[in-house]
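Chemist: here's a sequence, model it:
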Amino acid sequence: KELGLEMNSKQATISELQNKVISLEKELEAAKLESKEDFLTKVATKRALMSEIQRIEEAYKRYGTDYSICFVDIDFFKKINDTYGHGAGDEVLKSLSKIFKNAFRNEDRVARFGGEEFLAVIFDVKKAKAVSILERIRETLNQNVVEFENHRIIATMTFGVVAHSGNTEVNIERMIKQADELLYVGKRNGKNIVMSADYDPRG
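Modeler: Numbering: from 1, shown residues only. Predicted coordinates for the structure are as follows:
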C-alpha cells in the first residue's frame, strides 16, 4: 500500500514536470518568434535581418549576385506622436510597414531597424532598378491615409540606398552606414526623397 502511494506521488510529480516542460517549450518558441519578427510592425527584427545579410553576402561572393541596402526613416514621426499621441504613431508604423513590406518580392528582406527606421535588402537588381522600386513605394506612401480617432494622417518616408555590384569586397557595417548617411542627406534636402549611390569600399 505504501509503495502504491509512493508511486502515485511520483507519478503526480512526473506529470507536473512534464507540464512545466511543455510550458517552457511554448515560451521558448514564442521567444524565438519574437527575436525574428517585430511585434508591432510584423516585419523582421534587426537581429534577424543582420543574420540574413550575412547569408546574402556569402551568395554574392560565391555567385556574384548584386544587391542593394536601403535605409528608410518616417518623416516627421516625432511630430506625429506629439500631435496625435503615441497610439497614432503606432498606427502609422503598422500602416507604412505593411505597404513597405508588401511592395517587395519574396526574396527581398525588410526589417524594423529601430524606432521609425527600417532597413531593406533588395536582392539581385542593379541600382537603377532598386531606385525604381523605392520610387514606386514612395509614391504609394504619398497616397496612403492613416485614420486614427477622426484624424487623417499622411506620413512620408525618406530613403537612402546603396548598391553593391561588381567584384568589390564589402564591409556590411560600412554599407549600412553609407545608406544611413544618404538617408540624412535626403532629410536635409526636404525629405520624402530617394537618395542613391554605389557602395564605396573606402567608406
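Chemist: do a quick rundown of the strands in this structure.
Modeler: 44-45, 67-74, 109-114, 117-123, 146-148, 151-153, 157-164, 194-198 (DSSP state E).
Chemist: any stretches of the chain with poor pLDDT?
Modeler: Applying pLDDT under 70 to the chain picks out residues 1-6, 8-9, 12, 19, 21-35, 166-168.
Chemist: residue nearest the centroid of it?
Modeler: Ala111 (0.8 Å; C-alpha atoms, centre = their mean).
Chemist: so Ala130 makes contact with Ala163?
Modeler: Yes: Ala130 is within contact range of Ala163, at 6.1 Å (criterion: C-beta atoms under 8 Å). C-beta: built from backbone N, CA, C; applies to glycine.
Chemist: common neighbours of those two, please.
Modeler: Common neighbours of Ala130 and Ala163, using C-beta atoms under 8 Å, 6 or more residues apart in numbering, are 68, 196.
Chemist: what's the burial count for the residue nearest to Asp38 when sequence neighbours are not counted?
Modeler: Using C-beta to C-beta, 6 or more residues apart in numbering and skipping residues adjacent in sequence, the residue nearest Asp38 is Arg112, 4.3 Å away. By the criterion of other C-beta atoms under 10 Å, Arg112 has 23 neighbours.
Chemist: tell me which residues touch Arg112, please.
Modeler: Contacts of Arg112 by C-beta under 8 Å, 6+ apart are 38, 40-41, 43-46, 97, 118.
Chemist: what's the local residue count around Glu107?
Modeler: 11.
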